[in-house]
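Participant: My questions concern the predicted model and sequence given below.
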Amino acid sequence: MEKKLAILQIDSVLGDINANLQKISSMIDSIEDKEVRMAIFCEYGTTGYSLDLNAVAEEIPGKTTAFLEELALRKNIWISGGMIEKGDNNKPYNSSIMISPTQGLRAKYRKVHPFSFEKDQINYGDSEVIVDTELGKVAMTICYDFIFPEYIRSLALKGAQIVLNSTFWFADEISGPAGWES
């Protein structure tokens, strides 16, 4: 059996974690293809890009990861996506989580390369994360991390077969992804 990934294109409700978890749940419930073994939602998927990141920051593990663990178990599918993690010095982390359908929360990754205005708003991560899954060794990255070829190369050299890049890029029709010019 071929194994596939499902990319969940979520239009997050700004700052409403419960509404966004319901959207994610509904999208995963709608997957009918039995070959889909992992569902991935975007950076800031549980919150949208809130102007007050501390107001929506959560502990990992916590309420959101518990909800997603139950969903992964019920649907027998891996789940990965982005959330805001409570941090130090009144600055949260931009994090992604990886949840196994049989083992629950397997990993969290904190964005290593902050983009533009994030530099003043979030704490930076400082470690690579590669998770052994039934699809192979999966490296976790977030958004701007993907722009650093040596960082991605280092993940491959450490055995990553798949590199997930959870991102919340937004674009306009003229300039492409917003903020590229900064």
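Facilitator: Nice, thanks for sending it over.
Participant: how much space between G15 and A57?
Facilitator: Here the distance between G15 and A57 works out to 11 Å (C-beta to C-beta, to the nearest Å). Where C-beta positions appear, they are placed from N, C-alpha and C, glycine not excepted.
Participant: Hmm, I typed the wrong one, I wanted Q103.
Facilitator: With distances defined as C-beta to C-beta, the gap from Q103 to A57 amounts to 25 Å.
Participant: of the two, who's got more company?
Facilitator: Between Q103 and A57, counting by other C-beta atoms under 10 Å, A57 is the more crowded of the two (22 against 10).
Participant: got a list of what the closest residue to P92 other than its chain neighbours touches?
Facilitator: Among residues not flanking P92 along the chain, A57 sits closest, at 4.0 Å (C-beta to C-beta, 6 or more residues apart in numbering). Residues near A57 by C-beta atoms under 8 Å, 6 or more residues apart in numbering: 84-87, 92.
Participant: got a pLDDT number for A57?
Facilitator: In the prediction, the pLDDT value recorded for A57 is 97.
Participant: F170 now?
Facilitator: The score at F170 is 62. That number is its pLDDT.
Participant: what's the closest of the contacts of A57 to N20?
Facilitator: I84 (11.5 Å; C-beta to C-beta).
Participant: Checking my notes, that closest one in a strand, right?
Facilitator: Yes. Following the definition DSSP: H, G, I helix; E, B strand; the rest coil, I84 is counted among the residues of a strand.
Participant: what's the burial count for it?
Facilitator: By other C-beta under 10 Å, the residues close to I84 number 25.
Participant: Same question for the one 5 residues further on.
Facilitator: N89 has 6 neighbours, counted by other C-beta under 10 Å.
Participant: Just give the closest residue to it, not the sequence neighbours.
Facilitator: Sequence neighbours aside, N123 is the residue nearest to N89 in space, at 7.1 Å (criterion: C-beta to C-beta, 6+ apart).
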